[in-house]
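In: all I have is the shape, not the residue letters:
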């Protein structure tokens with residue numbers, strides 16, 4: 001009989017082509033979808049959510065999150081159709097979004113060869129937890145003195161970025177076991193979560209819509225404001241002024 005761990009490993013090996021970064025026609029479809037949501041030139045949205053787990057044997061305190069339960073972080077990027085295009089699962093639940101992001105292959109590519117993922121004049125969108133980069137846009141920090149354009153920028157970014165929250169809701173709605181993974185090894189947990197993301201992409205249809213129940217079952221990670229990149233800040237202001 002095929003064990004769950006073996007099944008997840010097979011999915012990750014043989015169906016990994018269903019979890020791909022948008023290029024070509026897929027890139028155009030993603031950009032059109034985000035433009036309709038109010039934030040043009042966008043490739044994908046990024047966010048993180050907690051997957052509850054049993055107490056790990058090794059270094060358990062690292063996995064105890066701010067809500068005082070054990071978890072791993074799923075950092076995911078999705079397109080405008082709620083299809084995951086890159087996921088990294090397994091970082092300790094005590095980590096912040098920004099730290100988990102820095103340990104993804106996407107962050108490495110953006111630092112070393114950004115145009116390999118994000119064409120000139122396009123970007124990823126995230127919330128305030130993420131670093132501001134020329135290829136990653138985030139909201140203006142609300143200090144009580146935002147201009148009307150900056151508020152409009154934030155509203156549009158939020159409206160477009162909510163797609164990743166819907167994707168998490170659909171994922172946990174389809175695969176209820178992700179609400180609590182009773183597995184001993186973090187490596188097995190990581191493989192199981194990644195397999196579910198691949199199967200989510202296979203199952204999802206463009207007509208699928210998140211219902212209120214499914215969209216409410218994710219748990220985002222704690223947000224910490226990173227330092228801003230001056231070049232990215234200038235690009236962000238340009239986008240803001242063009243809205």
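Out: Sure, I can see it. Keep in mind it's a predicted model, so treat the numbers as computed, not measured. Residues are numbered from 1 along each chain as shown.
In: now stretch 91-107: buried residues?
Out: For stretch 91-107, a neighbour-count test (16 or more other C-beta atoms under 10 Å) marks 91-102, 104, 106-107 as buried. For the C-beta atoms, the positions are set from N, CA and C on the backbone; glycine is no exception.
In: among the residues you listed, which pair sits farthest apart?
Out: 94 and 106 (21.6 Å; C-beta to C-beta).
In: what helices or strands is the strand ranked longest in the chain leaning on?
Out: Determined from DSSP state E, the single longest strand within the chain is strand 42-52. The contact analysis (3 or more C-beta pairs under 8 Å, 6 or more residues apart in numbering; DSSP states H and E) places strand 42-52 against helix 25-36, strand 71-78, strand 84-92, helix 97-102, strand 123-125, helix 148-174.
In: tell me which of the ones you listed sits most buried.
Out: strand 71-78 (a mean of 26; mean count of other C-beta atoms under 10 Å).
In: so in that sheet, which strands flank that strand, and in what orientation?
Out: Strand pairing for strand 71-78, using DSSP bridges, gives strand 42-52 (antiparallel), strand 84-92 (antiparallel).
In: contact partners of the helix or strand of the chain with the lowest mean pLDDT?
Out: Lowest by mean pLDDT, DSSP states H and E among the helices and strands of the chain is helix 230-242, with a mean of 80. For helix 230-242, the external contacting residues (C-beta atoms under 8 Å, 6 or more residues apart in numbering) are 41, 123, 132-134, 136-138, 140, 149-150, 152-153.
In: wait, residue 74 touches residue 48, no?
Out: Yes - with contacts defined as C-beta atoms under 8 Å, residue 74 counts as touching residue 48 at a distance of 6.5 Å.
In: got the contact list for residue 111?
Out: Counted by C-beta under 8 Å, 6+ apart, residue 111 has zero contacts.
In: make sure it is indeed in a helix.
Out: Yes - judged by DSSP: H, G, I helix; E, B strand; the rest coil, residue 111 forms part of a helix.
In: re the thing from before, need the contacts of helix 230-242 in JSON lines (columns: distance to residue 114).
Out: Converted to JSON lines, the contacts of helix 230-242 look like this (distance: C-beta to C-beta, whole Å):
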{"residue": "41", "distance to residue 114": "14"}
{"residue": "123", "distance to residue 114": "10"}
{"residue": "132", "distance to residue 114": "14"}
{"residue": "133", "distance to residue 114": "8"}
{"residue": "134", "distance to residue 114": "7"}
{"residue": "136", "distance to residue 114": "9"}
{"residue": "137", "distance to residue 114": "13"}
{"residue": "138", "distance to residue 114": "16"}
{"residue": "140", "distance to residue 114": "22"}
{"residue": "149", "distance to residue 114": "26"}
{"residue": "150", "distance to residue 114": "25"}
{"residue": "152", "distance to residue 114": "27"}
{"residue": "153", "distance to residue 114": "22"}
